[in-house]
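*Asks:* Have a look at this fold, sequence not included:
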C-alpha cells in the first residue's frame, strides 16, 4: 500500500499522532471558524472539544505545525534526530528507533517518522 502524502498524511498525523478528531460539518459554518481555504480539514483537540476551538493543521507543509508534532512526540517520550539533504528524521525512545521518515522537506519527514513511531502507515 502506498504511503500517505499531502492532505492524507496530514489527516493521519492529526488523528493517530495528535489524537485529534475531525471537526463535525455542522460547526464549519459558525462565524470565526472558517479556514482561509474552504477545502482544508479542521481539527479539534481533546481540550478544545465542546468549546468550539478549531485548528487548521498542515504539518507536512508548515514548520509551525510540524513543530507541534515534535512537541507532542517529545511529551510522549520520544527523542528527535534530524539530518538534511534529503531530510531524514528518526524518533527514538529508550535508545531504539521507533519511527523513520525521509522526504524532500523537513515537515514531511517529521510527519512520516512520527506516524511510523506510533504505528501508523509508513
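*Replies:* Nice, I can see it. All of these numbers come straight from a predicted model, not from anything done at the bench. Residues are numbered from 1 along each chain as shown.
*Asks:* going forward, measure contacts and count neighbours with C-alpha atoms only.
*Replies:* OK.
*Asks:* For the protein, which segments are assigned as strands?
*Replies:* Secondary structure of the chain (DSSP state E): strands at 21-22, 42-44, 55-56, 79-83, 87-93, 96-103.
*Asks:* Switch the ones you listed over to a markdown table; also include mean neighbour count and mean pLDDT.
*Replies:* As requested, these are exported to a markdown table (neighbours: other CA atoms under 10 Å; pLDDT from 0 to 100):
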| stretch | mean neighbour count | mean pLDDT |
| --- | --- | --- |
| strand 21-22 | 16 | 80 |
| strand 42-44 | 23 | 73 |
| strand 55-56 | 17 | 72 |
| strand 79-83 | 15 | 96 |
| strand 87-93 | 22 | 96 |
| strand 96-103 | 19 | 96 |
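*Asks:* Reformat the ones you listed as a markdown table; add distance to residue 112.
*Replies:* Formatted as a markdown table, those follow (distance: least, CA to CA, whole Å):
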| stretch | distance to residue 112 |
| --- | --- |
| strand 21-22 | 19 |
| strand 42-44 | 19 |
| strand 55-56 | 19 |
| strand 79-83 | 13 |
| strand 87-93 | 8 |
| strand 96-103 | 5 |
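*Asks:* Which one of those lies nearest to residue 9?
*Replies:* For those, the distance to residue 9 is smallest for strand 96-103, at 12.2 Å, taking CA to CA.
*Asks:* could you give the angle of the closest one to strand 79-83?
*Replies:* Relative orientation of strand 96-103 and strand 79-83, computed by axes from the mean of the first three to the mean of the last three CA atoms, to 10 degrees: 40 degrees.
*Asks:* Mind listing the strands strand 96-103 pairs with, and their directions?
*Replies:* Using DSSP bridges, strand 96-103 pairs in its sheet with strand 87-93 (antiparallel).
*Asks:* Of all the strands of the chain, which one is nearest residue 71?
*Replies:* That would be, of those and by CA to CA, strand 79-83, which comes in at 9.8 Å.
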